[in-house]
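*Asks:* okay, here's the prediction I keep looking at, along with the sequence it came from:
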Amino acid sequence: MELKKNEENTELKEVELDGMFDTPEDESLKQTISADKKNLTDDYARSGTNTSYVGGQAAEWDEKIEKNSFRMTEAQMKKSLSKSDKEKSDDKAIFLLISEVVMYLAFGFVIVSLYIASRGNKLDIIHNLDIVSLALTILTIVLIIDAALVFAIQDRKIMLLVMAFVLGIFYPIYRSTVVKGRMAAGILCTVMTIFSVLMPLVAAGQAVTRYGEAIVLTEDEFTRHAAADMMDQKTEDGKLYLTTVKNIEKGGIQGVRTDKDYTRTELSITGIGSREVNIGNSTFKNPNGLETILVFDRATDNSEFQLIDIFLDGVQLKENQRKTFWDAETK
């Protein structure tokens, strides 16, 4: 028996492929955009997964963009072009580092100025603080600016400003704790500054203790040094003049003055002495202490001072009275 073959039409029919994969255009999805923004879209929409194509057809303003691209809004573009959090953090760190370096330079200026002021004669330290005053002014300004930066960038702690204004010498240490920076550098800076402040203070204190506040604070340098030269002299018994002067003017020296004529110098020391002084048959009394003026003279700048006059409450002692009074105090 012969099987009958199923005859099937294997001929391919001509199929119209055009438009097969097209989808109806949705007019509501069409958009318009200005020429300048369209250029931005053309530039930045070059990768992705065809996300700008909706309903199978790109929106009108994206018609020139190849497929397999995405649409980026202006807000997204600005965000993508802005710095990352790490970049922003690095920028902040650079600002804080620069400010920190400037702060340490300002502290260094203060330390150097204090060192220079303390190197000279102890009598002159208080009068050589102009450069120190300038350095401290600059340091204060720098600390305030740095504290404001750290406050704005790192941590909003009011104590930063308080430390900068009130306890500037300890500010580097506190700053290091806030920015989690170089603690060792902050401690070293504070210690060095304290030490540099103590040096001139100790030296100036020694000068005041030895010669008296009135002499150390005398503005005229020549007068100040002349008074110190006189007080550093010794009597025949090896007793310092400063000891005798302090014994006579028990209430302390109140003033010092010099009159210079060529090489000759007359030095006057004024202070408050005892309430009662008996010299031979003469008695001088004052319940508040006798105003005592000691007048010294030297012929040349290199010679020694000689006592030439003594006044007790405005009364000039005679030569024998003066000698008796002076000799009694030097014994």
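*Replies:* Cool, got the structure. Numbering: from 1, shown residues only.

*Asks:* ok, Leu96 touching Val150?
*Replies:* Yes: if you go by CB atoms under 8 Å, Leu96 and Val150 touch, sitting 6.6 Å apart. For glycine as for every other residue, the C-beta is placed from the backbone atoms N, C-alpha and C.

*Asks:* which neighbours do those two have in common?
*Replies:* Common neighbours of Leu96 and Val150 (criterion: CB atoms under 8 Å, 6 or more residues apart in numbering): Val179.

*Asks:* what about the two, which has more around it?
*Replies:* Per other CB atoms under 10 Å, whichever of Leu96 and Val150 has more neighbours is Val150, with 25 against 19.

*Asks:* doesn't the more buried one fall inside a strand?
*Replies:* No: secondary structure of Val150 (DSSP: H, G, I helix; E, B strand; the rest coil): helix, not part of a strand.

*Asks:* just the helices in the protein please.
*Replies:* Under the criterion DSSP state H, the chain contains helices at 35-44, 74-81, 85-119, 130-153, 158-165, 171-179, 183-211, 213-216, 221-231, 241-248, 319-330.

*Asks:* which residues does Lys157 contact?
*Replies:* So Lys157 contacts 151, 178 (CB under 8 Å, 6+ apart).

*Asks:* so what's it scoring on pLDDT?
*Replies:* Per-residue pLDDT puts Lys157 at 84.

*Asks:* from Gly271, how far off is it?
*Replies:* Per CB to CB, to the nearest Å, Lys157 is found 53 Å from Gly271.

*Asks:* swap in Asp232?
*Replies:* Applying CB to CB, the value for Asp232 to Gly271 is 18 Å.

*Asks:* neighbour count: the two, which is higher?
*Replies:* Ranked by neighbour count (other CB under 10 Å), Asp232 and Gly271 place Gly271 first, with 23 against 12.

*Asks:* now the nearest residue to that one once chain neighbours are set aside. Its backbone dihedrals?
*Replies:* Sequence neighbours aside, Glu249 is the residue nearest to Gly271 in space, at 2.9 Å (criterion: CB to CB, 6 or more residues apart in numbering). Backbone torsions of Glu249, given as degrees, to the nearest 10, read phi -100, psi 70.

*Asks:* can you give me the buried ones in stretch 248-262?
*Replies:* 248-249, 253-254, 256-258 (16 or more other CB atoms under 10 Å).

*Asks:* would you list the residues you listed in JSON lines and tack on pLDDT?
*Replies:* JSON lines is the format used below for the buried residues of stretch 248-262 (pLDDT from 0 to 100):
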{"residue": "Ile248", "pLDDT": "89"}
{"residue": "Glu249", "pLDDT": "86"}
{"residue": "Ile253", "pLDDT": "89"}
{"residue": "Gln254", "pLDDT": "90"}
{"residue": "Val256", "pLDDT": "93"}
{"residue": "Arg257", "pLDDT": "92"}
{"residue": "Thr258", "pLDDT": "92"}
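
*Asks:* kindly indicate which of these lies nearest Asp124.
*Replies:* Distance to Asp124, by CB to CB, is smallest for Val256 among the buried residues of stretch 248-262, at 15.1 Å.

*Asks:* state the distance from the residue sitting nearest the centre point of the chain to Ile153.
*Replies:* Against the mean C-alpha coordinate of the chain, by CA atoms, centre = their mean, the closest residue is Leu139 at 2.1 Å. As judged by CB to CB, Leu139 and Ile153 stand 21 Å apart.

*Asks:* could you do Ser118 as well?
*Replies:* 37 Å.

*Asks:* then Met163?
*Replies:* With the distance defined as CB to CB, Met163 ends up 17 Å from Ile153.

*Asks:* next one: Leu105
*Replies:* Note on Leu105: its distance to Ile153, by CB to CB, is 20 Å.
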